[in-house]
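Chemist: My questions concern the predicted model and sequence given below.
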Amino acid sequence: MVYNHLRRESWTLRGTAINPDCIKATEAIAENAAMVARVLQRCADDAGILTGIGIGTAFGLLVAMMVIIHAIRLIVRRLNPRAFDSSEGAPETREKALAAVVAVTTLLADQSRADEHPAAGH
């Protein structure tokens, strides 16, 4: 846009009594503006391509990691089937772990209350 405007000005100035050096300078500016526009367009094109490559690489790696994790899970299941059955078939273990968590939480809460109000604990 700037290029076309400067190019038109250059042609309109040719028939006037304006210094020819000014006309040449206007043409040089027009050429530089066109070159800058081409460079910026190339940069924008390259940025778009690199963004696409980056997004494609990120999603490709995520999919590859999901496939690898799934494959390792299947291999481990075939090599050691008991590894997955032990956690599902032991509700007693879960209840004991839950009871331990509740007990520790209660003790820590009682201890923090005693630290906040030392007179209440005696």
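Modeler: Ah, there it is.
Chemist: Which parts of this structure are strands?
Modeler: With DSSP state E as the criterion, the chain has no strands.
Chemist: helices or strands up against the biggest helix by length in the chain?
Modeler: Secondary structure of the chain per DSSP state H: the longest helix is helix 20-79. Here helix 20-79 touches helix 2-14, helix 82-88, going by 3 or more Cβ pairs under 8 Å, 6 or more residues apart in numbering; DSSP states H and E. Quick note: C-beta positions are derived from backbone N, CA and C, even for glycine.
Chemist: chain center to that helix, what's the gap?
Modeler: From the chain centre to the centre of helix 20-79 is a distance of 14 Å (Cα atoms, centre = their mean, to the nearest Å).
Chemist: likewise stretch 66-86?
Modeler: 31 Å.
Chemist: how about that stretch: buried residues?
Modeler: Within stretch 66-86, no residue is scored as buried using 16 or more other Cβ atoms under 10 Å.
Chemist: What mean pLDDT does it get?
Modeler: Averaging pLDDT along stretch 66-86 gives 85.
Chemist: Dump it to CSV, restricted to CA.
Modeler: C-alpha atoms of stretch 66-86 as CSV (Å, rounded to 0.1, in the frame of the first residue of the first chain):
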residue,chain,number,x,y,z
MET,A,66,0.3,-42.1,25.4
VAL,A,67,1.0,-45.1,23.1
ILE,A,68,4.3,-45.9,24.9
ILE,A,69,2.6,-45.7,28.3
HIS,A,70,-0.2,-48.0,27.1
ALA,A,71,2.2,-50.5,25.6
ILE,A,72,4.3,-50.6,28.8
ARG,A,73,1.1,-51.2,30.8
LEU,A,74,0.1,-54.1,28.6
ILE,A,75,3.6,-55.6,28.8
VAL,A,76,3.7,-55.3,32.6
ARG,A,77,0.2,-56.9,32.8
ARG,A,78,1.3,-59.9,30.7
LEU,A,79,4.6,-60.3,32.6
ASN,A,80,3.1,-59.9,36.1
PRO,A,81,-0.7,-60.2,36.2
ARG,A,82,-0.7,-60.1,40.0
ALA,A,83,0.6,-56.5,40.1
PHE,A,84,-2.8,-55.1,39.1
ASP,A,85,-5.0,-57.6,40.9
SER,A,86,-3.5,-56.9,44.4
